[in-house]
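>>> Build me a structure from this.
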Amino acid sequence: MQSIKIKDDFIKLGQAMKLANLVSDGVEAKFVIQDGQVTVNGEVDTRRGRKLVPGDVFAFDGQEVEVQ
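The predicted structure follows:
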């Protein structure tokens, strides 16, 4: 499982996907999230602005990423 480290209290889902190199840009992140292709802690979440905190795990296209 891949992990990303954040400096602030939280990171938005779209930004986290870019940071983890799962998408090339914010537009791609927006479409895959709205399309229901991304899960957060095992549940589909269609909110690009979903705030992720350390310990959250998001997944897309078979890859899981933990926020640290």
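
>>> Strands along this protein, start to end?
Under the criterion DSSP state E, the chain carries strands at the ranges 2-4, 11-12, 38-40, 43-44, 51-52, 57-60, 63-67.

>>> on contacts alone, who are the packing partners of the second one?
Going back to what we said before, that points to strand 11-12. Using 3 or more Cβ pairs under 8 Å, 6 or more residues apart in numbering; DSSP states H and E as the contact criterion, the neighbours of strand 11-12 among helices and strands are strand 51-52. Glycine gets a C-beta too; all of them are placed from N, C-alpha and C.

>>> Please repeat the previous calculation with a cut-off of 10 Å.
For strand 11-12, the contact count by 3 or more Cβ pairs under 10 Å, 6 or more residues apart in numbering; DSSP states H and E identifies helix 13-19, strand 51-52 as packing neighbours.

>>> ok, back up a step: save the strands of the chain as CSV, and put in mean pLDDT too.
Written out in CSV, the entries for the strands of the chain read as follows (pLDDT from 0 to 100):
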stretch, mean pLDDT
strand 2-4, 97
strand 11-12, 98
strand 38-40, 98
strand 43-44, 98
strand 51-52, 98
strand 57-60, 98
strand 63-67, 98
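
>>> Tell me which of those lies nearest to L22.
If you check each of the strands of the chain against L22 by Cβ to Cβ, strand 57-60 wins as the nearest, at 5.0 Å.

>>> Quick check: buried residues in that closest one?
By neighbour count on 16 or more other Cβ atoms under 10 Å, the buried set for strand 57-60 is 58-60.
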